[in-house]
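Undergrad: got a predicted model here, sequence first, then my questions.
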Amino acid sequence: MALNVIMMGPPGAGKGTQAGRFARERGLLKISTGDILREGVKAQLPEALHAKERMDRGELVDDETMVAIVRERLLRPDAQRGFVLDGFPRTVVQANALDQIVAERNNGPLVIVDVRVPEHELVRRLAGRLICAKCGANAELTKDGSPVATVCGKCGGELVQRADDNEEVVRERLEVYERETKPLVEFYQERPTFRVVNGAQPQERVAHELDTVIDDAALVSAKVEKAVTGKVATPEKAART
Ligand SMILES: [Zn+2]
């Protein structure tokens, strides 16, 4: 059975790294809205260019654009084993749309993980962050937050400070994130498959906690499913099999 994961958390929480690792280890498709948008910008797609303009101003991309981009991606064959979403959904409108897409696919539980980190730690992490001007990868940092190398470890490109990474802009971004995702957390938090992970610990500890809670949530979901289908053997279900 497929496994579908939403990785939530503010910018700087490290959820992108964790999403990539988890997807690799479990053979799932990692879908980062950042990557999808970058590909779109390279291909000069109008929707992606529109989205990038808004992001450069520190704003969020509108629901309709994001849902269209993500829906198309999730319905492709290589997403059928399951996925790890990073950066989507951001709003309740997007979350409702995703529920519909997951119901259409009818394949595996939807596990929601919220990676949490205190704001002062996020500001410290974000305000010094460098990215590759060529491929967009994050610069690898030492424990004290300084870059390991002067050029990109992946492609050799020049490392530059992100356009939106001075401290004031960082705080503004975090505030926007808080405001916009609070209703989303409320939307998900009563579900048996919603989990919180402490992102303010070393990466391998975060990874371990994440693996544990996702497996547990998937198990809980399977039990709920079994209990429900055991009780109600609906005629529609019988007709389908
Ligand atoms: Zn690079």
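TA: Perfect, I can see it now. Residues are numbered from 1 along each chain as shown.
Undergrad: what's around the residue nearest to M1 when sequence neighbours are not counted, how many residues?
TA: Nearest non-adjacent residue to M1, counting by CB to CB, 6 or more residues apart in numbering: G108, 5.0 Å away. (Each C-beta comes from the backbone N, C-alpha and C, glycine too.) A count of nearby residues for G108, using other CB atoms under 10 Å, gives 20.
Undergrad: same check, this time on Y177
TA: 18.
Undergrad: for it, pull up the helix or strand it's in.
TA: helix 167-188 (DSSP states H and E).
Undergrad: same for that helix, what does it pack against?
TA: Other helices and strands packing on helix 167-188, by 3 or more CB pairs under 8 Å, 6 or more residues apart in numbering; DSSP states H and E, are strand 3-8, helix 92-105, strand 110-116, helix 119-127.
Undergrad: which one, of these, ends up nearest to the ion?
TA: helix 119-127 (19.2 Å; CB to the ion).
Undergrad: need the next SSE after the closest one, C-terminal direction.
TA: Defined by DSSP H and E, the subsequent element after helix 119-127 is strand 130-132.
Undergrad: residue contacts, A95?
TA: 89, 184, 187-188 (CB atoms under 8 Å, 6 or more residues apart in numbering).
Undergrad: quick one: name the residues of this structure near the ion.
TA: 132, 134-135, 137, 152, 154-155, 157 (CB under 5 Å from the ion).
Undergrad: as a markdown table, those with distance to R124 would be great.
TA: Output for the residues of the chain next to the ion, formatted as a markdown table (distance: CB to CB, whole Å):
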| residue | distance to R124 |
| --- | --- |
| C132 | 21 |
| K134 | 26 |
| C135 | 25 |
| A137 | 21 |
| C152 | 23 |
| K154 | 24 |
| C155 | 27 |
| G157 | 25 |
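Undergrad: wait, which of those residues is closest to N198?
TA: A137 (25.6 Å; CB to CB).
Undergrad: wait, that closest one touches C155, no?
TA: Yes: in terms of CB atoms under 8 Å, A137 counts as a neighbour of C155; the distance is 7.5 Å.
Undergrad: count the neighbours of R76 for me.
TA: R76: 9 neighbours (other CB under 10 Å).
Undergrad: so where's this protein uncertain?
TA: Across the chain, the ranges flagged by pLDDT under 70 are 142-146, 163-165, 229-241.
Undergrad: helices or strands up against the lengthiest helix in it?
TA: Assignment by DSSP state H gives helix 203-231 as the longest helix of the chain. Here helix 203-231 touches strand 3-8, helix 15-26, strand 110-116, strand 194-198, going by 3+ CB pairs under 8 Å, 6+ apart.
Undergrad: could you dump those to CSV with distance to R171?
TA: Shown next, in CSV, are the helices and strands packed on helix 203-231 (distance: least, CB to CB, whole Å):
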stretch, distance to R171
strand 3-8, 20
helix 15-26, 19
strand 110-116, 17
strand 194-198, 22
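Undergrad: buried deepest among these, which one?
TA: strand 3-8 (a mean of 25; mean count of other CB atoms under 10 Å).
Undergrad: distance between it and the chain's centre?
TA: 7 Å (CA atoms, centre = their mean, to the nearest Å).
Undergrad: likewise stretch 107-123?
TA: Using CA atoms, centre = their mean, the offset of stretch 107-123 from its chain centre is 8 Å.
Undergrad: residue nearest the centroid of this protein?
TA: The residue lying closest to the centre of the chain (CA atoms, centre = their mean) is D86, at 1.5 Å.
Undergrad: and that residue, backbone torsions?
TA: phi -120, psi 110 (degrees, to the nearest 10).
Undergrad: coming back round to it: out of the contacts of A95, who has the most neighbours?
TA: Going by other CB under 10 Å, P89 tops the contacts of A95 with 25 neighbours.
Undergrad: isn't that residue right next to Q100, touching?
TA: No: applying CB under 8 Å, one finds P89 not in contact with Q100, separated by 11.5 Å.
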